[in-house]
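J.: Have a look at this prediction, sequence included:
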Amino acid sequence: MDELSRRKMLLAGGALGALGVLGTAMPAHARSAWAWAAGGSVAGHGTGTDPHEAWDDEADYLLAEVLRRGDVPRVNEALRTWSRNDQPVPDTLPADVRAFMEKARKLPSWADREKLETAAQFSKRRSIYHNILNGLGGGMLSTAIPREARAVYYSKGGADMEDRVAKTSKLGFSVGALDAYRPEGICIVESVKTRMVHAAVRNLLPKSEGWTDTSGGQKIPISLGDMLVTWHSLATYTMRKMIEWEVPMSPAESEAYLHVWQVSVHMLGVRDEYIPATWAAANAQSDQLLDPVLGPTREGVELTDILLGQLAEQTSLGTHITRPLVNAFARYLVGDQVADWDGIRREPFWQSTIETVWPLLVKFREGVIDLPLVPEIAWTIDEVVRQYILFYLTKGEAIHIEIPDANRPT
C-alpha cells in the first residue's frame with residue numbers, strides 16, 4: 001500500500017478494519033425486507049416489489065442497444081445541442097433514442113404547476129441552504145453509501161471527480177432553479193440525460209472487475225432502491241436539516257419543496273409506487289432505506305478526500321479557507337458518525353466555532369437577530385459556503401452531462 005492510500009485508510013478511524021471491508025466483497029449492512037407501504041406513495045398503490053430488485057427496464061434496454069451499436073459518440077454530440085425544456089429533441093439522434101426521449105421528457109400527470117412555482121420561489125429565498133445541503137452535505141452522505149460510492153468510483157466518472165461532481169451539481173442546481181420546470185429551464189433536459197447515463201452505467205459496471213468484487217452480490221447497479229436512497233440523502237436530508245436549523249417555511253412551501261423532488265425523481269425513472277406522497281411517508285421510507293445502509297468503504301474514503309481536497313484548493317485563493325475549515329463544516333453537516341466513516345479529520349477549533357456561529361448566521365439571514373450579534377469569524381464560514389456554491393455552480397454551467405461508453409480505467 002502506498003503512503004497516500006495508507007493515510008486515507010488511517011483517516012477512516014479504524015472503521016473499515018472493524019467491519020472487515022478492506023477490499024472484500026460484502027454489503028455494508030444487512031438490509032431488512034421491503035416493508036414500506038405503497039399506500040403512502042404518489043400512486044397510492046403498488047405491486048409490493050422490493051425497489052432493490054427493480055431497475056429502469058425501458059432505458060436500460062435502449063442504452064444496451066446504443067452501446068452495442070457504438071452510437072454513444074453520435075448520441076452525445078446530439079445531446080450537447082439540447083439545452084432547454086422547450087427545445088425539440090434533436091433530429092440527429094437515432095430513432096429509438098429520440099422516441100424514448102420524447103416520452104421521458106413528459107411531466108407526470110400529477111405534476112402541479114402551481115406547486116412547482118411555489119417551490120421555485122421558496123428555493124430562491126433559501127438557495128444557500130439547499131445548495132450547501134444538497135451539494136456538500138449530500139455529497140458527504142453519498143460517499144458513506146457503499147453502493148453509491150462504489151458505483152461512482154468504478155464508473156468512468158470516478159476517474160475525474162471534479163468533472164463527476166460538476167455534472168452531479170448541474171442536475172442538483174437545476175432542480176432548485178427558479179425556472180426548473182419552466183419552458184426556459186433545464187431540469188427536464190438534465191433529468192432525461194441523467195436517466196440515460198444511469199442506464200449506460202447499469203450496462204457497463206457489471207463488466208468492471210473492481211465493481212463486481214466489491215458489490216456485495218449485487219448483479220446490476222443503481223436499482224430503483226439505490227436511487228431512492230440517494231433521493232433521501234438529498235431531499236429528505238435537506239428538509240430535516242432546515243427544520244433542525246429552524247428555517248421558517250409555511251406548510252405550502254414545505255409541500256411544494258417535496259413536490260419538486262417528487263417530480264424530479266419520477267423524471268429520473270423511479271416508479272410512482274415508490275415516491276413518497278408526504279414528508280411523513282418520506283421520513284418513514286428514509287428510516288428504512290437510507291439510515292441502515294450508511295457505512296465505510298475504501299472507495300468512499302478516497303472519494304471524500306478528493307472532494308474536500310478540491311473544495312479547499314479551489315476556494316483558498318485570496319481567502320482564509322483551509323482544509324481544516326472545510327473538514328469541520330462537512331463534519332457539522334453530516335455528524336460525527338458519517339464523517340468518521342468518510343475519513344474526515346476532526347478539527348476541534350473549527351468544529352466548536354461552527355457549532356456556535358452557524359445557527360447565528362441562519363438567524364441573521366432569516367431576520368431573527370441583528371448583524372452586531374453575529375461574530376466576525378462567522379463570515380469566514382459564510383465564505384466557505386459562498387465559494388463552494390460559486391465553484392460548483394460555475395462548473396455546472398460549463399459542463400455537459402454525457403453518456404459513458406466505458407468504466408473507470410484500470
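T.: All right, it came through fine.
J.: Show me the protein divided up by domain.
T.: When the chain is parsed with automatic domain parsing, its domains come out as 57-290, 298-397.
J.: Now do the end-to-end distance for stretch 274-283.
T.: Using Cα to Cα, to the nearest Å, the end-to-end distance of stretch 274-283 comes out at 13 Å.
J.: Give me the buried stretch members for it, please.
T.: Tyr274, Ile275, Pro276, Ala277, Trp279, Ala281, Ala282 (16 or more other Cβ atoms under 10 Å). C-beta coordinates here come from the backbone N, C-alpha and C atoms, glycine included.
J.: so how far is that stretch off the chain centroid?
T.: Mean-position distance between stretch 274-283 and its chain equals 18 Å (Cα atoms, centre = their mean, to the nearest Å).
J.: and it, what's its mean pLDDT?
T.: Average pLDDT, stretch 274-283: 98.
J.: So for whichever strand or helix holds Ala151, what gets flagged as buried?
T.: Ala151 is part of helix 146-154 when elements are defined by DSSP states H and E. For helix 146-154, burial by neighbour count (16+ other Cβ under 10 Å) applies to Pro146, Arg147, Glu148, Ala149, Arg150, Ala151, Val152, Tyr153, Tyr154.
J.: can you pull the pLDDT of the residue nearest to the fourth one when sequence neighbours are not counted?
T.: What that stands for is Ala149. In space, and not counting its chain neighbours, Ala149 is closest to Gly300: 3.7 Å by Cβ to Cβ, 6 or more residues apart in numbering. pLDDT recorded at Gly300 is 93.
J.: I'd assumed Leu141 was in contact with Gly300.
T.: No: counting by Cβ atoms under 8 Å, Gly300 stays clear of Leu141, with 10.2 Å between them.
J.: These two: who's more crowded?
T.: Just comparing Gly300 and Leu141: by other Cβ atoms under 10 Å the higher neighbour count belongs to Gly300, 29 against 24.
J.: Quick one: residues contacting the more buried one.
T.: Neighbour list for Gly300: Thr143, Ala144, Ile145, Pro146, Ala149, Arg150, Tyr153, Trp341, Asp342, Gly343 [criterion: Cβ atoms under 8 Å, 6 or more residues apart in numbering].
J.: and the second one, what does it touch?
T.: For Ala144, the residues meeting the contact criterion (Cβ under 8 Å, 6+ apart) are Leu294, Gly295, Pro296, Gly300, Val334, Val338, Trp341, Asp342.
J.: Now it. Its backbone dihedrals?
T.: Here is the backbone geometry of Ala144 (degrees, to the nearest 10): phi -100, psi 10.
J.: quick one: pLDDT of it?
T.: So, for Ala144, pLDDT stands at 96.
J.: what do you get for Met9?
T.: Met9 is given a pLDDT of 38.
J.: Give me the below-cutoff pLDDT ranges for the chain.
T.: The chain contains residues with pLDDT under 70 at 1-32, 162-170, 311-321, 388-398.
J.: which is the next helix or strand following the strand or helix carrying Phe329?
T.: Taking DSSP H and E as the definition, one finds Phe329 inside helix 323-334. Counting by DSSP H and E, the next helix or strand C-terminal to helix 323-334 is helix 336-341.
J.: Only alpha carbons, please: show that next one as PDB.
T.: Extracted in PDB, the C-alpha atoms of helix 336-341 (Å, rounded to 0.1, in the frame of the first residue of the first chain):
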ATOM      1  CA  ASP A 336     -19.500  12.600  13.600                       C
ATOM      2  CA  GLN A 337     -20.600   9.000  12.700                       C
ATOM      3  CA  VAL A 338     -20.800   9.600   8.900                       C
ATOM      4  CA  ALA A 339     -17.800  11.900   9.000                       C
ATOM      5  CA  ASP A 340     -15.800   9.100  10.700                       C
ATOM      6  CA  TRP A 341     -16.900   6.600   8.000                       C
END
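J.: And the domains of the chain: which comes nearest Thr47?
T.: Proximity to Thr47 (Cβ to Cβ) singles out domain 57-290 among the domains of the chain, at 6.6 Å.
J.: how long is the closest one from one end to the other?
T.: The straight-line separation of the ends of domain 57-290 (Cα to Cα) is 23 Å.
J.: Check stretch 238-257 too.
T.: 10 Å.
J.: State the number of residues packed around the nearest residue to Leu361 once chain neighbours are set aside.
T.: Leaving out its chain neighbours, the residue that sits closest to Leu361 by Cβ to Cβ, 6+ apart is Ala378, at 5.3 Å. Ala378 has 18 neighbours, counted by other Cβ under 10 Å.
J.: again with Gly176
T.: 23.
J.: ok so, going back, need the contact partners of the helix holding Phe329.
T.: Contact partners of helix 323-334, identified using Cβ under 8 Å, 6+ apart, comprise 132-133, 136-137, 140-141, 144, 241, 308-309, 311-312, 315, 339, 342, 344-347, 349-351, 353-355, 358, 380-381, 384-385.
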